[in-house]
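> sequence plus predicted model, see below.
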Amino acid sequence: MERLSLLKLRHNPSIVIIVSFALIILTGALLLWLPFSTASGQTTSFIDAYFTANSATCVTGLVVVDTGSHYTFWGKLIILGLIQLGGLGYMTFSTLIVILLRQKVFISQRLAVREALNLFSSQGAVRFILYVFSIVISVESLGAAVLFFRWWPEMGPGAAFKSGVFHSVSAFCNAGFDIMGGFRSMTAYVGDPVVNLTIMSLIIIGGIGFMVLADIIERRKFSLHSKLVIITTLFLIFGGAGLFFLFEHLNPHTLGNLPLADQVWASFFQSVTARTAGFNTIDLSRLAGPAIFVLISLMFIGASPGGTGGGIKTTTFALLLLTMRSAILGRYHTEVFGRRINYETVRKALTIALLAFFLVIFSSAIVSYQGFEFSKILFEVTSAFGTVGLSMGLTTKLSNLSKIVVALTMFIGRVGPLTLFVGLTLSKYEKKTTFPKEDLSIG
């Protein structure tokens, strides 16, 4: 019986994903803890190394030390490697290696890749992996080249090359790590069209999902999934930017003293980056209450399935709205674009949203013991769950217990709350007993 359970454990795609992420984080923490990763005159505790490795692997961007000044070239290279591994998933990389070595890809690997990339089927998974890597290499290289030429005049060729590559990978993987130093992120480029457009484009392309990218590149007729993702993404970007501008354009600490063009750039940048990327071009610690709520909402929703970001995902959010609309109109089924959504998919969306909500509230409650303002705690924890990385300045002040709680929240947000809990329960059998029905008063 014990041997059978271990066999099931090994071939459970959810467990494979969870364990692979945990091993990458532990390896990264050990490497960042070693002296060669830390700049001269600095020291790194293991909890800080673990937090940084966890944040990089979970493509979050929350940091307890300044990445640009605290780590050496090798430390930054390790962080960059963790970001790339975490953004695409260990199983995707390991399967690519197997393909390149012309070895057989086993069904367990195909299932794990399907789970990691949110594919509908494991058929064609090998071909899709090659497709994914061609997109990744092309987009990250183009982004790095644009940033390199933009930063060459002010940084010099060597620094511009390193900065271009690092920020291109970080943006595409929706990680939000920067090496500008001083926790500045992209605040020096609040009105710079080249930096804004490049970083935002990388974030959107990385977060929209590889299935959608395949539809855009290869097909003329979009699938239902792609239609819903694209429309929801555009709605969140423009809606978020509009609300952010409305609430902050008179705030002298954020947008108020900027020219109108820069205010528009900043509004769109914050709207895009709040959906799991973590860069910022203004001081978020000086935001007004309504704008904080807008960013928290965007961070909770996050990116799209099969992308490099976290959150409950755009399709989950859209399904909840569509189900609410159906209930208000008295319709039994959730419908969109002339199609009826499977009840199991709707139930899964509701489960993910509720699990995420309870996780954020529970984690916020624990961190609140430090006595910080609750809106800032909720912002920080939601940023961790959505693997965003935006911060109002609390992360560097967290106690060791709070760091562990926030790190675990990042981990669950990256692997997915449903993936985690399904993986840990192992059993997926359907109960055959049917009980009598009885009505319940609600509302």
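Done, it's in. Numbering: from 1, shown residues only.
> name the helix or strand of this structure that has the lowest mean pLDDT.
Confidence across the helices and strands of the chain bottoms out at helix 2-10, with a mean of 46, counting by mean pLDDT, DSSP states H and E.
> off-centre distance for the next helix-or-strand element following that one?
Using DSSP states H and E, the helix or strand that follows helix 2-10 in sequence is helix 13-33. Taking the mean of its C-alpha atoms, helix 13-33 sits 17 Å from the chain's own mean (Cα atoms, centre = their mean, to the nearest Å).
> same check, this time on stretch 182-190
20 Å.
> now do the end-to-end distance for that stretch.
Across its full length, stretch 182-190 reaches 16 Å between end residues, using Cα to Cα, to the nearest Å.
> can you give me the strands in the stretch 301-443 of the chain?
Ranges of strands in the stretch 301-443 of the chain, per DSSP state E, counting those that start in this stretch, are 335-336, 339-340.
> which one of these is the most hemmed in?
Ranked by average neighbour count under the criterion mean count of other Cβ atoms under 10 Å, these are headed by strand 335-336 at a mean of 16. C-beta: built from backbone N, CA, C; applies to glycine.
> and it, what does it pack onto?
Packing partners of strand 335-336 (3 or more Cβ pairs under 8 Å, 6 or more residues apart in numbering; DSSP states H and E): helix 314-328.
> which one of the strands of the stretch 301-443 of the chain lies nearest to N400?
Within these, the stretch nearest N400 is strand 335-336; the backing value is 46.0 Å (Cβ to Cβ).
> hmm, who's touching the closest one?
Where contact means Cβ atoms under 8 Å, 6 or more residues apart in numbering, the residues beyond strand 335-336 that reach it are L224, L228, A318, L322, S326, I341.
> cutoff 10 Å now
Surrounding strand 335-336, the residues in contact under the criterion Cβ atoms under 10 Å, 6 or more residues apart in numbering are 224, 227-228, 231, 318-319, 321-323, 325-326, 329, 341.
> would a markdown table of the residues you listed with neighbour count, pLDDT and distance to G87 be doable?
As requested, the contacts of strand 335-336 are exported to a markdown table (neighbours: other Cβ atoms under 10 Å; pLDDT from 0 to 100; distance: Cβ to Cβ, whole Å):
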| residue | neighbour count | pLDDT | distance to G87 |
| --- | --- | --- | --- |
| L224 | 13 | 86 | 26 |
| K227 | 16 | 89 | 25 |
| L228 | 23 | 91 | 23 |
| I231 | 14 | 93 | 24 |
| A318 | 22 | 93 | 23 |
| L319 | 24 | 92 | 25 |
| L321 | 14 | 93 | 28 |
| L322 | 17 | 92 | 29 |
| T323 | 19 | 91 | 31 |
| R325 | 13 | 90 | 34 |
| S326 | 18 | 89 | 35 |
| L329 | 8 | 87 | 40 |
| I341 | 20 | 88 | 29 |
